[in-house]
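In: based on what follows, work out the 3D shape:
(chains A and B)
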Amino acid sequence: MGSILIPGLPEAEPAAEPWPPHSDNVDEHTIRVDEMFARQLDNEFSAGVRGLLHHPETGVSAQRGEAALEAIAGALPALNDLKERTLSQAIGPRQRSILEPLIETRLDWAAGTLGQLAQRATVEVDDASVADRVAGLQRDAATAWHDPAYLRKLGRTAVEELRYQGERRGWDPAETDTHVRTGLSNLYAGAVEAAIGQEDLDGASGLYDHAREVIAPERQAALDRRFVRAHEVALYRDIDRDMTSIPIEPAGPPGAEIFAERAAELTPEDASDEVRAGIAEVAAFAQRRAERQWQKNQSAAGVAALDWFGKNPGRSFLAIPLEIRDWLAPDQWLGLEALFIEGRLTTDRDLFEQLDHQMIYEPDAFAGVDLDRHRLSLDDEDRARFAAAQKAITEGRIDPDFARYGRMRRGIDRAVKTLGIDTDDPEAADARADARDRLAGFEVIEGRPPNGRDIDAIVREEVERAGNAIAPDANQSAPAYAGELLGLPDEVTDADERPANSVLIEAKAVEDDGEITSGDFAGDPNIVLAGSGRPPSRRGGGAPLTPFEQMRAANFRTTLETIRQLEPNNRELSYVAPPGWVPSERDVARVREELAHARQRAATSGERPANGNESRTGSEAFHYTRENIRSSIERSGLYSGSYATTTGALSPLQAQIDLALPPNRGLPGAILRIDLEAMRAAGYEIPTPTRVGRSYNMPGGGYEMKFPYLIKPEFITVIK
Amino acid sequence: MTFEEFRAEMDAYWQSAKEEADSFKDPYIVLERLRALYAKLDSGERTMADRVIAEWALEGDEGHRSYALTLIEDLRIGHAVPSLRALAERLAHSTELGASFWVNRATKIADDLAKQGRS
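Out: As a prediction, this is how the structure comes out:
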């Protein structure tokens, strides 16, 4: 009796069943059931065979080359297994006798298919091996391009390989010839490209000339382009290499003009515009590289000098090796001298302020600053602070201390500006320094980090202190909070707001110390007494001026004096001011602008200044200097390179401003008169005065003359 | 360090100080720098520095000469007296502008130093 296979149930070993006796009991129905089961098993076998041979991913026909051959080798045992499994499912000899021939037929077909697949795979494997072989020959040719004999041997081998492949594949002669030509072309073109790649353009050209006839035209065109490009690259490389030999001297990085001149010398006459542009780029690059190297050398020298100092305590800095000393810039020397004197690094305040400003307002640029360059000008603490900020910026993370300081600095800067204080001024720097100290010590004192309100409070208090420093009158102290500063009323300067009962005084009323004494102007037609003025916005009367106000007042006066020389009737020469009035930054800016206009008008009209005495050499000149060297000058004269000006009436502060003297060397408290008349009589040529330009944040505007020789004491008289 | 090397160092230092002085419009910076340098030298180096300064005094360049004379006077460099005498002698008959000033100054410094040496 037959059984029905139920998937998932274990199959029982089929019991040996006797062949059904031919009897009347074997009915047609039983035979049909056997046939039906046999057909069913055959269908399953057929599906298994199809899957084995033709599954789109895992079937033998989906494989290529060696993988296909391996799959074919494994397919035959798999088919036999499938056959046995299928036959074992047949029940009884009749089903088996029906099924077996069906399976055999399908196996014959499968064997035929496998044979075809094996043939295809063999061809593929053969082609791949030939391709590998030829590729290997091409690689050998690229390596041995300079050996013509070996190249010929490689070429012949490639031709033989390809011809033999043609024979195996049954190609016709034309197809074989095509393959051979392509293989040979690739071999020689590859060798030429290798020669170009190794920058041996002469060797590459020689080989190319020799092999051109076997290289396909399209490869020739590509090679021609590569040769052109390679010649350009070689030219750029040679020029660049040449420019590396331009010496980098400690005195300064080689200028762009040196590189441009050298590039012009090295540019071939027949160079195209494109090549000339390329050479210019190379020169510019080389110059930038030289600049970077020069800066690097300075940085390295600073670090090396510091190391040397640490390893050679007590030795003279003359013993520092030349290769270090030569590269030290003046500011590094100053730092080094301070180090030798004080035994520790000290921070240059100007540099600190510059870096601190950049850190907050130009963080990207700050992150690129080479702190090693300033190794001798920053003490360890400041350097560590800047280095930490650079690291945080570079890593793109928010450093809490840095963020707090940023908020504080921006707040202070905004507020002091509103007070009319330039953020570069000492008052602003002092406010920031004090605030910085408070911020740094906050957590230690309070036991917690400062929050926004704490920072704002620090800003408020320090700005208030700075405001009081320039407006010391208790009744007119600076506003209490930065935000309130924005609401400050304007000072009484605008003509439209001039009260009727004000004092109209002449510009020179503002003395050096900023005090205005109407008595000085008695009888001066430019002074119109018109009663008392509106109270000053920031100052009460009588309080001494701060240095900042003195400087501003002197600046104001100097500018008006210059305007007077150009246009004696200029409207700015009379202005309204109450007693004790001090010009604001806006006032100074306004008269500066007026001066610029007056200069422009004078230049346009061709008029000469009404009073040009300052610009002419008269019978005397004046030297403003420090008091502590006055006696030395009286003894040994004024050294060559000394400066003098044409007026002897400048206050120390005004002299510093008009003559743009460096502020870090103290005010010039001594004035010496130089007898030019006597010097002329003695045969000296007197230099012509020239206008002093802006320098050291000083506006200049006065006149100066530089003496290229020593001025002897006999020509010098001490005035003050 | 040989004397030639030392002299080259001193010249380079002078040049550096001069450049700084020019930038600050203050020639006295050179003197300050040279004094500071001298203060840091050991006795052997000072002997060589004295020789270099004495040589500067004899130079035709007024720039070197003026600083040298001040240094000789301030630092009381007795070894420079022969150089001062030689300078005075050389300029005594010179028509150079201000030659008499240099003669007088060199002679005065030399006399003072000689007097100090005797006392």
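In: ok, and what's touching the helix or strand hosting B:V81?
Out: For B:V81, the host element (DSSP states H and E) is helix B:81-92. Identification of contacts with helix B:81-92 by CB atoms under 8 Å, 6 or more residues apart in numbering or on different chains yields B:54-55, B:57-58, B:65, B:69, B:72, B:99-100, B:102-103, B:106-107, B:109-110, B:113-114, B:117. To be clear about C-beta, it is placed using only N, CA and C from the backbone, and glycine gets the same treatment.
In: report the angle between the helix or strand following that helix and helix B:81-92.
Out: Counting by DSSP H and E, the next helix or strand C-terminal to helix B:81-92 is helix B:99-118. Using axes from the mean of the first three to the mean of the last three CA atoms, to 10 degrees, the inter-axis angle of helix B:99-118 relative to helix B:81-92 is 160 degrees.
In: got the CA coordinates for helix B:99-118 in CSV?
Out: These are the backbone C-alpha positions of helix B:99-118, laid out as CSV (Å, rounded to 0.1, in the frame of the first residue of the first chain):
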residue,chain,number,x,y,z
ALA,B,99,87.6,118.1,13.5
SER,B,100,88.6,120.4,16.3
PHE,B,101,85.6,119.2,18.4
TRP,B,102,86.9,115.6,18.1
VAL,B,103,90.5,116.6,18.8
ASN,B,104,89.4,118.5,22.0
ARG,B,105,87.1,115.8,23.1
ALA,B,106,89.5,112.9,22.6
THR,B,107,92.3,114.9,24.2
LYS,B,108,90.1,115.7,27.2
ILE,B,109,89.0,112.2,27.7
ALA,B,110,92.6,110.9,27.3
ASP,B,111,93.9,113.4,29.8
ASP,B,112,91.2,112.6,32.3
LEU,B,113,91.8,108.8,32.0
ALA,B,114,95.6,109.3,32.3
LYS,B,115,95.0,111.4,35.4
GLN,B,116,92.8,108.8,36.9
GLY,B,117,95.4,106.1,36.1
ARG,B,118,98.0,108.0,37.9
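In: what comes into contact with it?
Out: A:636-637, A:712, A:714, B:57, B:65, B:69, B:72-73, B:76-78, B:80-81, B:84-85, B:87-88, B:91-92.
In: separate out the buried members of those residues.
Out: A:636-637, A:712, B:57, B:65, B:69, B:72-73, B:77, B:80-81, B:84, B:87-88, B:91 (16 or more other CB atoms under 10 Å in any protein chain shown).
In: ranges for the helices of the stretch 601-720 of chain A?
Out: Secondary structure of the stretch 601-720 of chain A (DSSP state H, counting those that start in this stretch): helices at A:630-636, A:652-658, A:676-682.
In: buried ones in the last one?
Out: Neighbour-count burial for helix A:676-682, counted by 16+ other CB under 10 Å, picks out A:L676, A:M679.
In: neighbours of the residue in chain B positioned nearest to chain A, how many?
Out: Across chain B, no residue is closer to chain A than B:P27, which sits at 3.8 Å (CB to the nearest CB). Neighbour count of B:P27, defined by other CB atoms under 10 Å in any protein chain shown: 24.
In: what sits closest to it if chain neighbours are left out?
Out: Leaving aside its chain neighbours, B:P27 sits nearest to A:Y639 (3.8 Å; criterion: CB to CB, 6 or more residues apart in numbering or on different chains).
In: how about the one you found, phi and psi?
Out: phi -60, psi 160 (degrees, to the nearest 10).
In: OK, contacts around it?
Out: A:L710, B:P27, B:Y28, B:V30, B:L31, B:G63, B:S66, B:Y67.
In: was I right to think the fourth one contacts B:W14?
Out: If I follow you right, that is B:V30. Yes - using CB atoms under 8 Å, B:V30 is in contact with B:W14, at 6.9 Å.
In: so for stretch B:46-54, what gets flagged as buried?
Out: B:R46, B:M48, B:A49, B:D50, B:R51, B:V52, B:I53, B:A54.
In: measure the residue of chain B closest to chain A to B:F101 for me?
Out: According to CB to CB, to the nearest Å, B:P27 and B:F101 sit 17 Å apart.
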